[in-house]
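[1] Fold the following for me, if possible:
(chains A and B)
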There are 2 protein chains.
Amino acid sequence: MLKTPYLLFLGDVPDPLAAKVANGIKDWRPDLSVGQYRMDGCKADLGLTDMTISQAKAAGAQTLVIGAANRGGVISKEWVAVMLEAIEAGMDVASGLHDLLREVPELVEAAERHGVRLIDVRIPTVDYPIANGVPRKGRRCLAVGTDCSVGKMYTALAMEKVMRERGMNASFRATGQTGILITGEGVPLDAVIADFMAGSIEWLTPDNDEDHWDLIEGQGSLFHASYSGVTLALIHGGQPDALVLCHEPTRAHMRGLPGYKLPSLDALRDLAVQMARMVNPDVKVIGISVNTAGMSEAEARAYLAKVEAEMGLPAIDPFRDGADRLVDALA
Amino acid sequence: MLKTPYLLFLGDVPDPLAAKVANGIKDWRPDLSVGQYRMDGCKADLGLTDMTISQAKAAGAQTLVIGAANRGGVISKEWVAVMLEAIEAGMDVASGLHDLLREVPELVEAAERHGVRLIDVRIPTVDYPIANGVPRKGRRCLAVGTDCSVGKMYTALAMEKVMRERGMNASFRATGQTGILITGEGVPLDAVIADFMAGSIEWLTPDNDEDHWDLIEGQGSLFHASYSGVTLALIHGGQPDALVLCHEPTRAHMRGLPGYKLPSLDALRDLAVQMARMVNPDVKVIGISVNTAGMSEAEARAYLAKVEAEMGLPAIDPFRDGADRLVDALA
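    Okay, here's the model as predicted:
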């Protein structure tokens, strides 16, 4: 679990997209960050206060969160210098980078000397149990997709936001690096050992208040040859009461798999429900979340209306519309 | 990959069942072992020649294979003493025990000194790729089960035996500890990192001769809440042309999951075919393998005849009948 508040490190990224992790934290957890740290040449700007390490420390920052992607797969000397300064100021450093902080000897040595943590959120730190399939108290909603990267995390976060605004008892449950950095905790499911995948999700979404909803971040797709096993473990470990179907209508093929067509929303609904019923006979599909970023407003409206009529379920784009109608459908 | 031939270590096991790994090696790869090593009090006997370490070394043994389960989860001093003797004689030591050889400092130190390997087959040693879903040459058969431990490994090994006797081009592909020790290679799928599960199976069953069959060892069950994700990765990574349905008819509930009923063979067929079609549209179910160990001969015959009539597929118990009819059905 990450200590808050954060200082968001944007580095020297060449464009705003490379800072999407930081952007996610600012959008979904605006209260968690005291400011941003930008290096010379940084082309991203979250609109937060620019701070030096010592200014951030004075403002209470406890963790330097690497909110940007690094170039070329190597953590540069310039980045390491900033991290060392944060460590010397007594801050933890947290990262979801593929290149691990723990593999940079200078950082390891400095962190030990100053008694702070290097947190690579890609690497599990918990010994997860084997799933036992026992029904749990409280309620769970899971986003499942026709493909990878179709907006499952965004949908769950948007639902959580609406629910909190309405005073409902709800928690986003992160299962990927970005989600973990946004919320400060979670399970890096793609890095969990096969036998413990479903168990890690049971651990993540334990017994809770009867009126509490876990909004579980989806991963992969039952139809994606590379990652389908991860998705099924999420369904069987999550025991969802509610499913949201997520889709991106402009894809020519499954992500990373030329030659593999996306399934229809009907096919996703039928298969996801069949799988979820094995662990929760009362599961229901409550709505559809479409990423219409590749469409004009008029195209998006027409597409959503068509899907809604065909499927008989609320169909929204949470980015354009918010997630109110999905939350309405939970009740 | 393990170096052969083996000396099979039975330790001081209290009953034959505790030596089932050694028994599997003797049954399925009788040519691989020069003899057996038994300690005082050992209640298992494979009928192989009893040998000391030096006798086995003289007979050419290259690997001491731990073919027995240890008691209480600790590798005893007495076992370590035998392993040290084998290491000093220049033999590798291979084990599928939950307790790792590499965590016994004396063994590590001795193996380094003598230039031999400690091989814990539970731990992957390969950096597997992410699955790419590209169709591969050659043919593949996968055993899928209504539950865990219903005879999937046994079925695949029995099919391979028949195919080799008939001069067919076939390879058993191990995906679990016992299978790896039996054949000397494979993927310990339950210990693979989530993102690489399907890729590890693509790696295990690469392009091959057009007339070659991989007989892939199944794991878990699509219906088993704890391990279903592993099974789906195996189906999507394996791209099976042929599926064999495996079942054990006397189970009161899914293994380890009280309250979860086993699915019907119909349900298994429909779901496994649906999943396998995503990666191989031509997949076919070719037969049914039933573990009837809990039935009398008359009960078994009646049950198999009933299943065969209901499902319209050959239904056999490979232990009672051999796997000839499944191999016939492959053609």
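
[2] Specify the local secondary structure of A:A302.
    Counting by DSSP: H, G, I helix; E, B strand; the rest coil, the backbone at A:A302 sits in helix.

[3] could you give the angle of the helix or strand A:A198 falls within to helix B:197-204?
    Per DSSP states H and E: A:A198 is located in helix A:197-204. Computed by axes from the mean of the first three to the mean of the last three Cα atoms, to 10 degrees, the angle separating helix A:197-204 from helix B:197-204 equals 170 degrees.

[4] other SSEs contacting the helix or strand following helix A:197-204?
    Sequence order places strand A:213-216 as the next helix or strand after helix A:197-204, per DSSP H and E. For strand A:213-216, the elements it packs on are strand A:139-145, helix A:152-165, strand A:170-173, helix A:197-204, helix A:228-238, judged by 3 or more Cβ pairs under 8 Å, 6 or more residues apart in numbering or on different chains; DSSP states H and E. To be clear about C-beta, it is placed using only N, CA and C from the backbone, and glycine gets the same treatment.

[5] How far does strand A:213-216 sit from its chain's centre?
    12 Å (Cα atoms, centre = their mean, to the nearest Å).

[6] returning to what we had before: out of the helices and strands packed on strand A:213-216, deepest packed?
    Among the helices and strands packed on strand A:213-216, helix A:228-238 has the highest mean neighbour count (mean count of other Cβ atoms under 10 Å in any protein chain shown), at a mean of 29.

[7] So for that one, mean pLDDT?
    Averaging pLDDT along helix A:228-238 gives 98.

[8] how about the helix holding A:A198, does it get close to chain B?
    Yes: using Cβ under 8 Å from any Cβ of the partner chain, helix A:197-204 reaches chain B at A:197-199.

[9] can you list contacts of that helix?
    Helix A:197-204 is contacted from outside by A:124, A:126, A:128-132, A:136, A:173, A:175, A:186-187, A:189, A:192, A:214, A:216, A:229-230, A:233-234, A:236-239, B:194, B:225-230, using Cβ atoms under 8 Å, 6 or more residues apart in numbering or on different chains.

[10] Over to stretch A:15-28?
    Under the contact criterion Cβ under 8 Å, 6+ apart, stretch A:15-28 has outside partners A:6, A:8-11, A:13, A:32-33, A:36, A:43-48, A:65-69, A:96, A:157, A:161, A:172, A:177-178, A:181-183.

[11] give me that answer again for 7 Å
    A:6, A:8, A:10, A:13, A:32-33, A:43-44, A:46, A:48, A:65, A:67-69, A:96, A:157, A:178, A:181-182 (Cβ atoms under 7 Å, 6 or more residues apart in numbering or on different chains).

[12] now swap in stretch A:144-161 and tell me
    Stretch A:144-161 is contacted from outside by A:28, A:141, A:143, A:170, A:172, A:176, A:178-179, A:215-218, A:220-221, A:223-224, A:227, A:231, A:243-248, A:251, A:254-255, A:262-263, A:265, A:268, A:272, A:289, A:291, A:318-319, A:322-323, A:326-327, using Cβ under 7 Å, 6+ apart.

[13] cool, and stretch A:256-276?
    Under Cβ under 7 Å, 6+ apart, the answer for stretch A:256-276 is A:144, A:146-147, A:222-223, A:225-226, A:232, A:235, A:240, A:243, A:245, A:247, A:251, A:253-254, A:283, A:285, A:288, A:307, A:311, B:133.

[14] Narrow these to those in helices?
    Those of these mapping onto helices are A:232, A:235, A:307, A:311, per DSSP state H.

[15] quick one: the first one from A:L257, how far?
    Pointing back at A:L232 there. The spacing between A:L232 and A:L257, counted by Cβ to Cβ, to the nearest Å, is 17 Å.

[16] again with the second one
    Summarising the geometry, the distance separating A:I235 from A:L257, computed by Cβ to Cβ, is 20 Å.

[17] same question, A:R139
    34 Å.

[18] burial of A:K137, as a residue count?
    10 (other Cβ atoms under 10 Å in any protein chain shown).

[19] which residue sits closest to the residue of the stretch 51-200 of chain A found nearest chain B in space, ignoring its chain neighbours?
    Nearest residue of the stretch 51-200 of chain A to chain B: A:G133, at 3.7 Å (Cβ to the nearest Cβ). In space, not counting the residues next to it along the chain, A:G133 is nearest to B:A225; the distance is 3.7 Å by Cβ to Cβ, 6 or more residues apart in numbering or on different chains.

[20] same check, this time on A:P318
    A:A158 (3.9 Å).

[21] Can you give me the pLDDT of that neighbour?
    Looking at A:A158, its pLDDT reads 98.

[22] ok, now A:L17?
    89.

[23] Please apply the same query to the one 10 residues further on.
    At A:D27 the predicted local confidence, pLDDT, stands at 94.

[24] From B:S95, how far off is it?
    A:D27 is 50 Å from B:S95, by Cβ to Cβ.

[25] These two: who's more crowded?
    For the pair A:D27 and B:S95, the greater number of neighbours falls to B:S95 (28 against 15), based on other Cβ under 10 Å.

[26] If the more buried one is in a bridge, with which residues?
    B:S95 forms beta bridges with B:D120, as assigned by DSSP bridges.

[27] Pretty sure A:G287 sits against A:D328.
    No: the criterion here is Cβ atoms under 7 Å, and A:G287 misses it with A:D328 at 8.8 Å.

[28] Tell me which other helices or strands the host helix or strand of A:V34 touches.
    A:V34 is located in strand A:33-38, with elements delineated by DSSP H and E. Using 3 or more Cβ pairs under 7 Å, 6 or more residues apart in numbering or on different chains; DSSP states H and E as the contact test, the elements touching strand A:33-38 are strand A:6-11.

[29] Who are the contact partners of A:N169?
    Contacts of A:N169 by Cβ under 7 Å, 6+ apart are A:209, A:211-213.

[30] cool, and A:M1?
    Each residue near A:M1 by Cβ under 7 Å, 6+ apart is listed here: A:184-185.

[31] Need the pLDDT of it.
    Listed pLDDT for A:M1 reads 89.

[32] any idea how far it is from A:L101?
    17 Å.

[33] cool, A:P258 as well?
    35 Å.

[34] do A:R71 as well
    A:R71 is 17 Å from A:L101, by Cβ to Cβ.

[35] same deal with A:G60?
    Taken as Cβ to Cβ, the span from A:G60 to A:L101 is 22 Å.

[36] same deal with A:T178?
    Remark: distance between A:T178 and A:L101 (Cβ to Cβ) = 17 Å.

[37] ok, and for stretch A:173-190, which residues are buried?
    Neighbour-count burial for stretch A:173-190 flags A:173-184, A:186-190 (criterion: 16 or more other Cβ atoms under 10 Å in any protein chain shown).

[38] first vs last residue of that stretch, how far apart are they?
    Start-to-end span of stretch A:173-190 (Cα to Cα, to the nearest Å) is 15 Å.

[39] Stretch A:276-294 too?
    Span of stretch A:276-294 from end to end, Cα to Cα: 30 Å.

[40] Please enumerate the strands of chain A.
    A:6-11, A:33-38, A:63-66, A:92-95, A:118-120, A:139-145, A:170-173, A:213-216, A:242-247, A:284-290, A:315-316 (DSSP state E).

[41] Quick check: A:Y303 touching A:G294?
    No: using Cβ under 7 Å as the test, A:Y303 is too far from A:G294 to be in contact (10.4 Å).

[42] Of these two, which one has the most company?
    Each of A:Y303 and A:G294 has its neighbours counted (other Cβ under 10 Å); A:Y303 has more, 18 against 11.

[43] From the chain's centroid, how far away is stretch A:46-61?
    25 Å.

[44] Distance across it, terminal residue to terminal residue?
    One end of stretch A:46-61 to the other measures 17 Å (Cα to Cα).

[45] Thanks again, I'm all set now.
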